[in-house]
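*Asks:* Pasting a predicted model and its sequence here:
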Amino acid sequence: MAEYKLELKGVCKSFPGVKALDNVQLSLRPGTVHALMGENGAGKSTLMKCLFGIYKMDAGEVILDGQKIEIGNPDEAMKYGIAMVHQELQPVPARSVGENLYLGRFPVKKYGPLQVIDHKAMYAETEKWLQEVKMDFDPKALLGTLSVGQMQSVEIAKAVSQQAKVVIFDEPTSSLSDNEVEALFRIMNDLRDKGVTMVYISHKMDEIKRIADDITIMRDGTYVGTWRAEDMTTDDIIAKMVGRELTNVYPPRENEPGEVIMEVKDLCSIHAKSFQHINFTLRKGEILGFGGLVGAQRTELMEGIFGIRGVETGEILINGKPVKIKHPKDAMKAGIGLITEDRRGNGIFGCLSIKDNVGVSIYNKHLKAGFVLDHKKIDGIVDENIQKLRIKTPSMKEHIANLSGGNQQKVIVSRWLANDPDVLIMDEPTRGIDVGAKHEIYEIMNELAKQGKAIIMISSEMAELLGMSDRVYVMCNGKITGEITEEAEMNQESVMGYATKF
Amino acid sequence: MEKTNKKQITDFLINNGVIIVMFILVIYTGFTTDNFFTSNNLLNLLVNMSSRLVIALGIAGCVITAGCDLSAGRMIGFGACISGVLLQRMDYSQKFFPNMEPMNVFLVAVIVMLICAAFGSVTGFFIAYLSVPPFIATLAMMEIVYGINMIFTNATPLGGYVSNYTNVASGKFLGISYLIWIAIIVAAITWFIFNMTRHGKYMYAVGGNPQAAEVAGVPVKTTLILIYMKAAAMYGLAGFMLGAKAGGASVNLGLGYEMEAIAACTIGGVSVTGGRGRVTSAIVGVTVFELLKLALQYLGMDANAQWIAIGIVIFIAISLDIRKYIAKK
């Protein structure tokens, strides 16, 4: 038997403009749980998607049981006995457990030329496989009626039913309750005893310590190293995950944080799994960073403050006075602006002009005779912003879809500046935009802070978070787990430490 | 450079294919048949277009917000019947309200629009506040309005209108029928609403990206209700106009007009994916549609076969419309 069940060697993968994986390797010992770790965007999921045939790798080889193999698509991967339990499950909730388990490979009965799905066999088999993973719910139950954890065990049962020898778990516990995590670990231990090799992607240090045999760490799309889990402490892992030099240069800041403008007191989401008991303060002229891992509920918190998501209890005070925010309109009235994370999803109006994209939030402020749009004045404001933010466009009539990501972002910034908010929330303000535009966005942020505006910035880019913020809150699992105010503590290790304090 | 020019020309031809083909068809018809290019024919065409344009402009608002309005046809019939019962001659033997004096024509137009607007706002409420898909909500309203109209009129045809009412269709100002003037005024007001008011801008925003509109502080729900309310008022007005033209009305007046209006909007460039479309789109679409019907009639195509031709045009027009936006991804 080969030393390794599965090996990945020299894997490279580029997306337009980004090198996502650069000469990455991974070696899985048979019958072990191998933890794959790294920060947001380190390339863990990308690597697994390459292995599973969802992405095509640019270079690199896959060696299974000492044999070099080619995997072109998930179907082929499954034929080689490789299965994946996805980060976002993709089941069909309106169909039964059995149908989901056998989707695409239904057992059939033949009546002459007619093929009919053999429901009896399907449900009997399903029951068997569910017992195999020690789950005893009804194979005929609709998948949508199960909890996320149960759905996950269906996925695992599916992997087992396909006689998978290698199972990839991509952040399986991110939405599970403690009991469900226990159940998952029990299944994983069982599978390990049966000789199944597993890859386990997670950020939760205590879980890694409990379940993993080996740990491979990735950083910025490169391979850092592989260690035996028992040889590594949590601090070692964090240090290896972040251990890079911060080379990005950030424009110098001249802002002076002043008095408190906004205070959030004990804010709780209507969803138990989202943000809970959030307290923080924001000062005038301050850039306040919010760090954390993907799924830490930072976006949800900001959208809750802005009136897009439901808030159960808690208070928001602006200049010491409580404000009621039920809708973005209320937030705007209170002087808050929000630049969302998902620019395409809920930022830009792709089919409208730059003018309409900026104007949409100020059309009700510039009216003649109470109802006729004052186009001259609005054009003036839009033009002024195009100049001030150096938006590269032939005219304000240009469709926003024709601009680059950076210029689109500047248009959204203009939309809020035209509204003159006191507090501007920027959720991943530089995601998906090029370096030059990034720098310009940073300059705009600094300028706004200097004018006394308060800025909240969510950033998953460690360098940006530390380089731009006057102060940083770190969230984990819906709670604020740390506040960093001291210059000395402004480093990657402390952010990462708080971010993994589940 | 030459290559991009060539591509641009091809794109232009494909994107405006239906209009170009229609143009060729009209010219062909004009040269191969007598009396096609006559001022009388043109005025007739414009009269036919007038009520269709009012309907199309109403439905355009719904389509721009990525919705539709299946209740339009039944609202038209409802509007025509309400106008009818309020405007019958005293000496007409089958008068619906035998003892009621016919009302002022303008007042009736306003009443009809208000009643239909009330129904439209109910549709809008379900769409905006209860997130019922427009297709279903307007389908429900279509059935309701039809039922009410049947009960209300006992399903009997109406006639015997006062001359003031029929005069709306037969009367002229500057040699042009009042119906055409009404359509022009409605188009002007709609242009104003679409371009010069915040409601118009909000409509495009909601159609372009409802999530982004919400975040940008647009009153999405109010905007949607207003759109369906305004559209219904316009269907009522169209019913009023059609009743005047026909000199009578029945519950089935306007049946299927909603589909033709949606098709006309799409041919003219109102995108069914939302966010795009102007008043001129509706005008172009209705013109093309009515010209098509007229040309086919002149060419002597079998009346039943004309339906097939119209269906094919809708297929092609909507495929081409979708193609424009898919290609951009």
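*Replies:* All right, it came through fine. Computed from a predicted structure; not experimentally measured. Numbers count the residues shown, from 1 in each chain, chains lettered A, B, ... in the order given.
*Asks:* In terms of pLDDT, where does the residue nearest in space to the middle of chain B sit?
*Replies:* Chain B has B:I55 as the residue nearest its centroid, 1.9 Å off, counting by C-alpha atoms, centre = their mean. B:I55 is assigned 95 on the pLDDT scale.
*Asks:* tell me the contacts of it?
*Replies:* B:72, B:76, B:234-235, B:238, B:257-258, B:261 (C-beta atoms under 8 Å, 6 or more residues apart in numbering or on different chains). Placement of C-beta: from N, CA and C, glycine included.
*Asks:* and the stretch 401-502 of chain A, which of its residues are near chain B?
*Replies:* Neighbours of chain B within the stretch 401-502 of chain A, by C-beta under 8 Å from any C-beta of the partner chain: A:401, A:415.
*Asks:* Do you have the helices of the stretch 401-502 of chain A handy? List them.
*Replies:* A:405-417, A:435-450, A:462-468, A:492-499 (DSSP state H, counting those that start in this stretch).
*Asks:* The stretch 101-250 of chain A now?
*Replies:* A:119-132, A:148-161, A:178-193, A:205-211, A:234-242.
*Asks:* re earlier: would you list the helices of the stretch 401-502 of chain A in TSV and tack on mean neighbour count?
*Replies:* Formatted as TSV, those follow (neighbours: other C-beta atoms under 10 Å in any protein chain shown):
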stretch	mean neighbour count
helix A:405-417	24
helix A:435-450	18
helix A:462-468	21
helix A:492-499	21
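*Asks:* Mind putting those into CSV with mean pLDDT?
*Replies:* Converted to CSV, those look like this (pLDDT from 0 to 100):
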stretch, mean pLDDT
helix A:405-417, 90
helix A:435-450, 87
helix A:462-468, 87
helix A:492-499, 88
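*Asks:* Let me know which of those helices is the nearest to A:T233.
*Replies:* helix A:492-499 (12.2 Å; C-beta to C-beta).
*Asks:* Would you mind giving the contacts of B:I55 as a markdown table with pLDDT added?
*Replies:* Shown next, in a markdown table, are those (pLDDT from 0 to 100):
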| residue | pLDDT |
| --- | --- |
| B:A72 | 93 |
| B:I76 | 95 |
| B:M234 | 96 |
| B:Y235 | 95 |
| B:A238 | 95 |
| B:Y257 | 91 |
| B:E258 | 90 |
| B:A261 | 91 |
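*Asks:* So which of these are in helices?
*Replies:* B:72, B:76, B:234-235, B:238, B:257-258, B:261 (DSSP state H).
*Asks:* Of those, which is the most crowded?
*Replies:* Using other C-beta atoms under 10 Å in any protein chain shown as the neighbour criterion, B:Y235 leads the ones in helices among the contacts of B:I55 with 36 neighbours.
*Asks:* residues in the stretch 151-300 of chain B within reach of chain A, list them.
*Replies:* So the stretch 151-300 of chain B meets chain A at B:195-198, B:201-202, B:204-205, B:208-209, B:211-219, B:271, B:274-276 (C-beta under 8 Å from any C-beta).
*Asks:* Just the buried ones out of those, please.
*Replies:* B:196-198, B:201-202, B:204-205, B:208-209, B:212-219, B:271, B:274-276 (16 or more other C-beta atoms under 10 Å in any protein chain shown).
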